[in-house]
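Student: Sequence and predicted structure, then a few things I'm wondering about:
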Amino acid sequence: MGSVQGLAHLLADIVTDGSSLGFVAPFDATAAASWWRGRESAVADGSLSVWIARGADGIAGTVSLALEHKPNGRHRAEVVKLMVHRDARGHGLGRTLLATAERAAARAGATLLLLDTETESTADHLYRAAGWIRYGVVPRYAADPAGALRDCSFYYKQLA
């Protein structure tokens, strides 16, 4: 993952903007770089794929796909860490990144995709518009960067 610093700056920006993605404040590019470096072995062994979209000012977005290797779950994968820099939003990049992960999952033989996101967030609306099916909402599931507990929506999508 040769773009760790760029990914770290993107992740830190997203968290600073209020999306937790599993992190709480204080959270900076150093902590984000450490987290991304922790993913390198999964990328190397093929259980995690990471796509990067570059813009004029560096990395504008990313999405990851985690393949399931348990024998009873090899038909499924999870879309994780879909992020679009706040300056790059509103131009379809999130939808493009999501479609990239969906196509890769199908090529890998996955027929069921899963993901979760903060309820009523921008991402929540994106997933519904992209044909994902919400199968539940868990109240007060995770803390946002400021520590407030937020509801989380869980989605799936069957691939043809």
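Tutor: Arrived safely. Numbering: from 1, shown residues only.

Student: Next, the buried residues of the helix or strand hosting R150.
Tutor: Following DSSP states H and E, one finds R150 within strand 149-158. For strand 149-158, burial by neighbour count (16 or more other C-beta atoms under 10 Å) applies to 150, 152-155, 157. From N, CA and C alone the C-beta is placed, and that goes for glycine too.

Student: R54 is in what secondary structure piece?
Tutor: According to DSSP H and E, R54 maps onto strand 48-55.

Student: tell me which strands and helices whatever helix or strand comes next after that strand is in contact with?
Tutor: Downstream of strand 48-55, the next assigned helix or strand under DSSP H and E is strand 58-67. Packing contacts for strand 58-67, counted by 3 or more C-beta pairs under 8 Å, 6 or more residues apart in numbering; DSSP states H and E, involve helix 4-16, strand 48-55, strand 76-84, helix 93-107.

Student: what's in contact with the first one?
Tutor: Taking C-beta atoms under 8 Å, 6 or more residues apart in numbering as the criterion, the residues outside helix 4-16 that touch it are 1, 21, 23, 25, 27-33, 35-37, 50, 52, 58-62, 81, 83, 85-86, 145.

Student: Kindly recompute the last result at 7 Å.
Tutor: Contacts with helix 4-16, where a contact means C-beta atoms under 7 Å, 6 or more residues apart in numbering, come from 21, 23, 27-29, 32-33, 36-37, 58-59, 62, 83, 85-86, 145.

Student: likewise the shortest one?
Tutor: By C-beta under 7 Å, 6+ apart, the surrounding residues in contact with strand 48-55 are 1, 3, 39, 42-43, 59-66, 88, 93, 97, 100, 104.

Student: Run the chain-centre distance for stretch 61-68.
Tutor: 6 Å (C-alpha atoms, centre = their mean, to the nearest Å).

Student: And for stretch 4-22?
Tutor: 11 Å.

Student: If anything else comes up later, I'll come back, but that's it for now.
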